[in-house]
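# Sharing a model prediction with you, sequence too.
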Amino acid sequence: MHDQLLSALDQIQEQVLFCDRKLQLLWANTAACLLAGRARDDLVGKQCFQVFHGRSQPCTDCHALRAMKRLEPVRSEQRTPDGLVWSVKAYPLLDAQGAVEGVLKISLDITELRREAGSLEDREARYRSLMAQVLDGVCVVDVGGRRIDEANRALASLLGYSEEEMRGLSLYALLDAAPDEVDECLDRAAGAPEGWVCERRLRAKDGRSLAVEMSLSPIRTGGAGTLCVVCRDLGPRKAREQEWLRAHKLEALGMLAGGIAHDFNNALAAILGNISLAKVGTEPGSRTHERLVNAEQACFRAQAITRQLLTFSNGGEPIKTPLDAKKTLMQAVYFALSGSAVKAEVQAPADLWPILADESLVRQAIHQIVLCRKEAVGKGGKMDVRAENVVIPQDRDGLPAGRYVRFSIRDHGPGLSRERLERVFDPYFCGPGSGIGLSVAYSVVRRHGGTISVDSKEGHGTEVWFLLPAAEDRATAAGETEDGSRGTKGTGRVLVMDDEEMVRETVGEMLRLMGFEVTLAQKGGEAVEAYRRALESGRPYDVVVLDLTVPGGMGGQETLEALRKVNPEVRAIVSSGYSNDPVMARYRDYGFDGMVAKPYKMEDLAVAIRRVMDGLQEG
């Protein structure tokens, strides 16, 4: 038995040594002899530290001595100066009475093994680092167990879990789909050699349903039942697509709305003009006069509708001035809720920045938001209205870095479903009693260089919030500008160019009634020729009123350019049913001296003409 044991030890790759209590070699196997480079007989009787380490004394912290002293095995790894790594084990040898009579040493060169292990650890570390740094969510899925084996920080964060909570999570709980759909998805991916890409919804820890693009690929080294799944959050992309679709939808609506509003305003101009003329011939306080006043007010309500339509029209440009943000917000909210049982609590800091905006458009946007949310809360409801200063340190979601004012209107109504939330900016979404709705607010805010969004959850109310750029200058108190009103009477010569006969004739009669001498022209060329003849005769026109848009002909801007060639000092007023056209918004930049938006009353026209004749420029 003794010889058989030694024979077996002699054939293994580990170096095996038997030593006495003084560390003298009693026996060495072939592997140990090869390491020492000497025959077995040459090694017996010599001390191991002399043969293998070239020392005259035992090694510091010698394993053999420690094993004999402790009466227990000692195991460790040693690194030699030449870079080799050894696994060393020492076992004490005891006699029948339990006394130490020697030691068994077994050593093995594990340098390559440790190098491979180190490489594996490096790869593991790189894998962990990669998983941690990838922005997309990544997880390893056990197809058979229908659970997650491992997930990275990005996926855990997206879903509101910790990485520990993700391990072992059931895919039936994670995927927002029926169990058979989950099975079909996993089985299809597991059977696809090149993997599979699909769109699915994941259920977050708080119950939210998130749209993701899933790329599922079989892991070859992990067995047929393992998948690597990469989940990319589609929320930002879906939001951009929705924004693009919304913008194009409103652009298409704008083309239609602009044309309708222009034609409607022309008709209103004739109606309102004739009402103004009819009022002149009636006694104030008479029943006929009151009816005409009511008809006039109805025209202004119709004009408000066209302004909403023009909000969508292409090319519209807000007339921006510094505004008191708090005052504008409060006035718009309280006006929208006047006569209603719905209450609003408005909070804004005293140091709220002014905004750079078109007052009428911003009021209209807030008015539409409040009307829409008023419909949601019903009678006796409540709204929380807030405004605060916000600084965006760097460009984000299409907004340039800078100072903004954030407006928030929150209700405590039933909230919106996901399907309704996706349609919230559609015209008349809030119902026929609430106007065109949030689509107006969306268009106004975007045209001011801001952003608008709606946050809602069924059973938890709805918040509409938007950002508008803050103004650098201090806002001035809004007030009525001096209108130069001295009645509607005047003297002088006025040239009117408008392609609509009904409007042209009505304006002409209004001006004659005021006391002006009037010439009417249907086209731009007619107006230029009439102006030239009057100038040559020594009876020039004091003011020309030019319709901005003439389909198929020379419009107001082109006509003014032609008139400037005849008389560089010509004084002109631009008029249009496109009240938010860039020329109307910045008429002085285009060479005009005044502006009057259709439809207008006789008094409005009189004030505009008098300002220009007196040398006063509007705005």
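Thanks, I have it. Quick caveat: nothing in here was measured; it's all calculated off a predicted structure. Numbers count the residues shown, from 1 in each chain.
# Give me the helices and strands touching the helix or strand hosting Glu529, please.
Using DSSP states H and E, Glu529 sits in helix 524-536. Other helices and strands packing on helix 524-536, by 3 or more C-beta pairs under 8 Å, 6 or more residues apart in numbering; DSSP states H and E, are strand 493-497, strand 517-521, strand 543-547, helix 556-566. For the C-beta atoms, the positions are set from N, CA and C on the backbone; glycine is no exception.
# in that helix, what's buried?
524, 526-528, 530-532, 534 (16 or more other C-beta atoms under 10 Å).
# again, but for stretch 13-30
Residues of stretch 13-30 classed as buried: 15-20, 23-25, 27-29 (neighbour count, 16+ other C-beta under 10 Å).
# of those residues, closest to Arg301?
Using C-beta to C-beta, Gln15 is the member of the buried residues of stretch 13-30 that sits closest to Arg301, with 104.0 Å.
# SS state for the nearest residue to that closest one once chain neighbours are set aside?
Nearest non-adjacent residue to Gln15, counting by C-beta to C-beta, 6 or more residues apart in numbering: Ala32, 3.9 Å away. Secondary structure, DSSP: H, G, I helix; E, B strand; the rest coil: Ala32 is helix.
# Quickly note the distance from Ala32 to Leu9.
According to C-beta to C-beta, to the nearest Å, Ala32 stands 10 Å off from Leu9.
# quick revisit: can you say which of the helices and strands packed on helix 524-536 is nearest to Gly98?
Across these (criterion: C-beta to C-beta), the nearest stretch is helix 556-566, sitting at 115.8 Å.
# ok, Val212 touching Arg201?
Yes - here Val212 reaches Arg201: they are 7.2 Å apart, a contact under C-beta atoms under 8 Å.
# still on that earlier bit, of the buried residues of stretch 13-30, closest to Val85?
Minimum separation from Val85 among the buried residues of stretch 13-30 (C-beta to C-beta) is found for Gln15, which lies at 14.0 Å.
# can you tell me the helix or strand for the residue lying closest to Leu6 once chain neighbours are set aside?
Excluding the flanking residues, the one nearest Leu6 by C-beta to C-beta, 6+ apart is Trp27, at 6.9 Å. Assigned by DSSP H and E, Trp27 belongs to strand 25-28.
# just checking, what packs against that strand?
Secondary-structure packing of strand 25-28 (3+ C-beta pairs under 8 Å, 6+ apart): strand 15-20, helix 40-43.
# beta partners for Glu345?
Beta-bridge pairing of Glu345 under DSSP bridges involves Asp384.
# got a list of what it touches?
Contacts for Glu345 (C-beta atoms under 8 Å, 6 or more residues apart in numbering) come out as 382-385.
# Next, format these as TSV and append neighbour count, distance to Pro469 and pLDDT.
TSV is the format used below for those (neighbours: other C-beta atoms under 10 Å; distance: C-beta to C-beta, whole Å; pLDDT from 0 to 100):
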residue	neighbour count	distance to Pro469	pLDDT
Lys382	13	30	85
Met383	24	25	89
Asp384	15	24	92
Val385	23	20	94
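# from these, which is closest to Val197?
Nearest to Val197 among these: Asp384, at 43.3 Å, using C-beta to C-beta.
# measure Ser7 to Leu93 for me?
Counting by C-beta to C-beta - Ser7 and Leu93 are separated by 19 Å.
# Those two: who's more crowded?
Counting neighbours by other C-beta atoms under 10 Å for Ser7 and for Leu93 shows that Leu93 has the greater number, 16 against 10.
# Please identify which helix or strand holds the more buried one.
strand 85-94.
# elements contacting that strand?
helix 63-70, strand 74-79, strand 100-109.
# Would you mark the buried spots in that strand?
By 16+ other C-beta under 10 Å, the buried positions in strand 85-94 come out as 85-93.
# for the record, mean pLDDT for that strand?
Strand 85-94 carries an average pLDDT of 89.
# Lowest mean pLDDT among the helices and strands, pick that one out for this structure.
Sorted by mean pLDDT, DSSP states H and E, the helices and strands of the chain end with helix 111-133, the least confident at a mean of 66.
# neighbouring strands for whatever helix or strand comes next after that one, and are they parallel or not?
Sequence order places strand 137-142 as the next helix or strand after helix 111-133, per DSSP H and E. Counting by DSSP bridges, the strands paired with strand 137-142 are strand 147-151 (antiparallel), strand 226-233 (antiparallel).
# contacting residues around the longest one?
Residues from elsewhere that reach strand 226-233, judged by C-beta under 8 Å, 6+ apart: 136-143, 149, 155, 158, 186, 189-190, 202, 210-219.
# out of the helices and strands packed on strand 85-94, nearest to Trp465?
strand 74-79 (63.0 Å).
# Spit out the contact partners of the nearest residue to Ala39 once chain neighbours are set aside.
Distance criterion C-beta to C-beta, 6+ apart; nearest residue to Ala39, sequence neighbours excluded, is Cys33 at 6.5 Å. Each residue near Cys33 by C-beta under 8 Å, 6+ apart is listed here: 39-40, 43.
# In JSON lines: these, plus distance to Arg611, pLDDT and neighbour count.
JSON lines is the format used below for the contacts of Cys33 (distance: C-beta to C-beta, whole Å; pLDDT from 0 to 100; neighbours: other C-beta atoms under 10 Å):
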{"residue": "Ala39", "distance to Arg611": "123", "pLDDT": "89", "neighbour count": "10"}
{"residue": "Arg40", "distance to Arg611": "122", "pLDDT": "88", "neighbour count": "15"}
{"residue": "Leu43", "distance to Arg611": "120", "pLDDT": "87", "neighbour count": "20"}
